[in-house]
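Novice: Here is a sequence together with a model predicted from it:
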Amino acid sequence: MGYHETYASWQDDPEGFWLKAAEAIDWDVAPTQALFDRGDNLFEWFADARVNGCYNAVDRHVENGRGDQVAIIHDSPITDTKTKITYAEMQTRVAALAGAMAAQGVTKGDRVIIYMPMVPEALDAMLACARIGAVHSVVFGGFAANELAVRIDDCTPKAILAASCGLEPGRVVAYKPLLDGAIEMASHKPDVCLILQREQQTCDLVPGRDLDWHAAQEGVAPAECVPVEGNHPAYILYTSGTTGAPKGVVRHTAGHLIALNWTMKNIYDVNPGDVFWAASDVGWVVGHSYICYGPLIHGNTTVVFEGKPIGTPDAGTFWRIIEEHNVRSFFTAPTAIRAVKREDPKGEFITKYDLSGLRALYLAGERADPDTILWAQEKLGKPVYDHWWQTETGFTIAGNPAGLEALPVKIGSPTVAMPGYDVQILDEAGHPQKAGELGAIAIKLPLPPGTLPTLWNAEDRYKKSYLTTFPGYYETGDAGMMDDDGYLYIMARTDDVINVAGHRLSTGAMEEVLAGHPDVAECAVVGVSDALKGQMPLGMVCLSKGVNRPHEEIAAECAKRVRDQIGPVAAYKQTLVVDRLPKTRSGKILRATVVKIAESADFKLPATIDDPAILDEIKAALQTIGYAK
């Protein structure tokens, strides 16, 4: 079946569709019912099943004769090391670590925080938790102590698994002082911390609390897989909340296994045994879904990459890895491709490598501007598929189902809704919009398996955050439109639709125009308060390497482009040329923070910011044009 037949089969029988998909998972007790309606718009999937996530990601492949297949390729240009670990070796490693945790009293339902860099042990830790039914919460390695403390108090872990340090180009980030500081700040105290000592920087262990990662595994019986209920939480992943308090997204075990397994072939077009690479981090949802669980459940080889798109050592790192490890499908964020494009605008590094084995490039994490997609299509000579999803959903809401049927790419659209998602464009009153009209993007309940059923210990906040604005729908927080073919266009976060003299305008549309300027490598547009027009757009652009023209010329050209392509109604006048944009470590541009700086409002330093010093640079630049007084 192609896409349209598959989507129709889901619409005709949603529960039957997912029960069929569930046949690809190995169950201790197979599900007899798919959806459980808990009332008040709360739903769970496969609650009557019993299953183990680690068994499905590791053990079953060994038992099915694929133990010698490589499960993990760790490629670390920062340490200049490469390691390959087979499924059989993974089974031994994970069972030993799970045994060490069990010996310290960690049992089913206990929470475990994982605070790790991009090393294979991070995946061992996640799978070891799944093996014994513990609920893991990965916190991005190097997160500030106070932010880690907030998460410790929220999920009350019995154990914390951490490394002595993480590595960035040119520097070592000591994790242990941050961990010690967080535990000191937190009201809740973990019973035990298992510390992986990295040779680049070791740390002191606190007697009575800290154990060496390897020493803790010596003489301890390896743990067997513990079956858990289908609705048992696999993990909690914190995402930033608008109130400043993080939201603990919960992922139930069974639905997560089924949905991720379904996506690997149908969306990413890989077969068991193929190498799949998501260039992200285990601290983000992409790392959970598509570095760890999705590829391993499906029997793929996954790449764990400790490096950066540029500078480790150059803008050819991605292409070197794709050639060397025969990567079939590659998934990264648009910001990573923009960084490569800015450093290597002619794509000269791409020509140095044999990318014949690569089937497609997948982009997600933020809007993929058309200019970046066109550049990647031209330079790579491969399909480039934008797709859209969220931490909350755990897998693709809208994408191009290349494994089912590669649909025509429309530049600027992540293509169409995947089975499980009834996506609607609504006006402020909750009425469906016509094709081509901008509105709030919402998804009719119930959400599919693998999506969040609630927030950790915060059901009321879950309802208020996602289910209240449009009754019967999940509110995505994104704004966009749909065309006559059902292609979705994500234009901005709802907060980024600005009102200029009564006209609702998408900052995303303006960013597309700026990104099309031949000298612009990267850009962002925000709406700042204006006494006359309510809000006014303000652009920030980073220039491609080697551009040495006067900034005033480029700013004038940017204003003309917006006026010509969107119209005078946008009232677009000001463009700041900056060296870099303020971003999170996962590559999202901190637009809301820029607005607060421009308006001289108080703001909380985002916990996920990549480099806080950049905010001072942005403030100084804003002051040159009369903002941030």
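Specialist: Thanks, I have it.
Novice: Checking my notes, Tyr466 in a helix, right?
Specialist: Yes: judged by DSSP: H, G, I helix; E, B strand; the rest coil, Tyr466 forms part of a helix.
Novice: you'd agree it is up against Glu475?
Specialist: Yes: assessed by C-beta atoms under 8 Å, Tyr466 is found in contact with Glu475 at 5.4 Å. Where you see a C-beta, it was placed from the backbone N, CA and C, and this is true even at glycine.
Novice: quick one: least confident helix or strand in this protein?
Specialist: strand 503-506 (a mean of 76; mean pLDDT, DSSP states H and E).
Novice: burial count for the closest residue in space to Asn146 that isn't next to it in sequence?
Specialist: Nearest non-adjacent residue to Asn146, counting by C-beta to C-beta, 6 or more residues apart in numbering: Met185, 6.2 Å away. For Met185, the count of nearby residues is 14 (other C-beta atoms under 10 Å).
Novice: which stretches of the stretch 201-350 of the chain aren't confidently modelled?
Specialist: Flagging of the stretch 201-350 of the chain using pLDDT under 70 yields the residue ranges 240-244.
Novice: Mind listing what's buried along the longest helix seen in the chain?
Specialist: The residue-count maximum for a helix in the chain (DSSP state H) belongs to helix 87-103. By neighbour count with 16 or more other C-beta atoms under 10 Å, helix 87-103 contains the buried residues 87-91, 93-103.
Novice: How about Lys341, nearest residue that isn't a chain neighbour?
Specialist: Trp375 (5.3 Å).
Novice: And the buried residues of helix 87-103, which is closest to Leu404?
Specialist: When the buried residues of helix 87-103 are compared for distance to Leu404 (C-beta to C-beta), Tyr87 comes out closest, at 27.0 Å.
Novice: that older thread, and Tyr466 and Glu475? which has more neighbours close in?
Specialist: Per other C-beta under 10 Å, whichever of Tyr466 and Glu475 has more neighbours is Tyr466, with 24 against 17.
Novice: Return the residues in contact with the more buried one.
Specialist: 392, 474-475 (C-beta atoms under 8 Å, 6 or more residues apart in numbering).
Novice: what's downstream of the longest helix of the chain, the next helix or strand?
Specialist: Next in sequence after helix 87-103, counting helices and strands by DSSP states H and E, comes strand 111-115.
Novice: helices or strands next to that following strand in the packing?
Specialist: Here strand 111-115 touches helix 120-132, strand 135-138, helix 145-155, strand 159-163, going by 3 or more C-beta pairs under 8 Å, 6 or more residues apart in numbering; DSSP states H and E.
Novice: returning to what we had before: so which elements touch the least confident helix or strand of the chain?
Specialist: strand 497-500.
Novice: which of the residues in the strand it packs on are buried?
Specialist: Applying 16+ other C-beta under 10 Å to strand 497-500 flags 497-498, 500 as buried.
Novice: and for the longest helix of the chain, what are the contacting residues?
Specialist: 54, 58-59, 61-62, 66-72, 85, 112, 120-121, 124-125, 127-129, 131-132, 134, 159, 194, 211, 213, 216-217, 220-224.
Novice: Does Ala162 touch Tyr175 like I think?
Specialist: Yes: proximity of Ala162 to Tyr175 meets the contact threshold set by C-beta under 8 Å, at 5.7 Å.
Novice: Now list whatever residues contact both of those two.
Specialist: In contact with both Ala162 and Tyr175: 115, 141, using C-beta under 8 Å, 6+ apart.
Novice: want to throw the contacts of Tyr466 into JSON lines with distance to Pro31 and pLDDT?
Specialist: Listed next are the contacts of Tyr466 as JSON lines, based on distance: C-beta to C-beta, whole Å; pLDDT from 0 to 100:
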{"residue": "Glu392", "distance to Pro31": "23", "pLDDT": "96"}
{"residue": "Tyr474", "distance to Pro31": "23", "pLDDT": "98"}
{"residue": "Glu475", "distance to Pro31": "29", "pLDDT": "96"}
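Novice: Let's see which of those end up in strands.
Specialist: 474-475 (DSSP state E).
Novice: which one of the contacts of Tyr466 is nearest Arg38?
Specialist: Closest to Arg38, out of all of these and judged by C-beta to C-beta, is Tyr474, at 15.1 Å.
Novice: Verify the stated contact: the closest one with Leu467.
Specialist: Yes: using C-beta under 8 Å, Tyr474 is in contact with Leu467, at 6.6 Å.
Novice: quick one: the residue sitting furthest away from the middle of the chain and Leu576, what's the gap?
Specialist: Distance from the C-alpha centroid of the chain peaks at Leu532, with 38.6 Å (C-alpha atoms, centre = their mean). As for Leu532, its distance to Leu576 is 21 Å (criterion: C-beta to C-beta, to the nearest Å).
Novice: Kindly report the same for Ile310.
Specialist: To Leu576, Ile310 is 23 Å away according to C-beta to C-beta.
Novice: cool, and Phe36?
Specialist: Relative to Leu576, and taking C-beta to C-beta, Phe36 is found at 52 Å.
Novice: out of these two, which sits in the busier spot?
Specialist: More neighbours surround Leu576 than the other of Phe36 and Leu576, with 20 against 16 (other C-beta under 10 Å).
Novice: And the next helix or strand past the helix or strand hosting the more buried one?
Specialist: Following DSSP H and E, one finds Leu576 within strand 574-577. Sequence-wise, the next helix or strand downstream of strand 574-577 (DSSP H and E) is helix 591-598.
Novice: Just the angle for the next helix or strand after that next one relative to helix 591-598, thanks.
Specialist: Downstream of helix 591-598, the first helix or strand assigned by DSSP H and E is helix 613-623. With axes from the mean of the first three to the mean of the last three C-alpha atoms, to 10 degrees defining the directions, helix 613-623 sits at 50 degrees from helix 591-598.
Novice: This completes my enquiry, with thanks.
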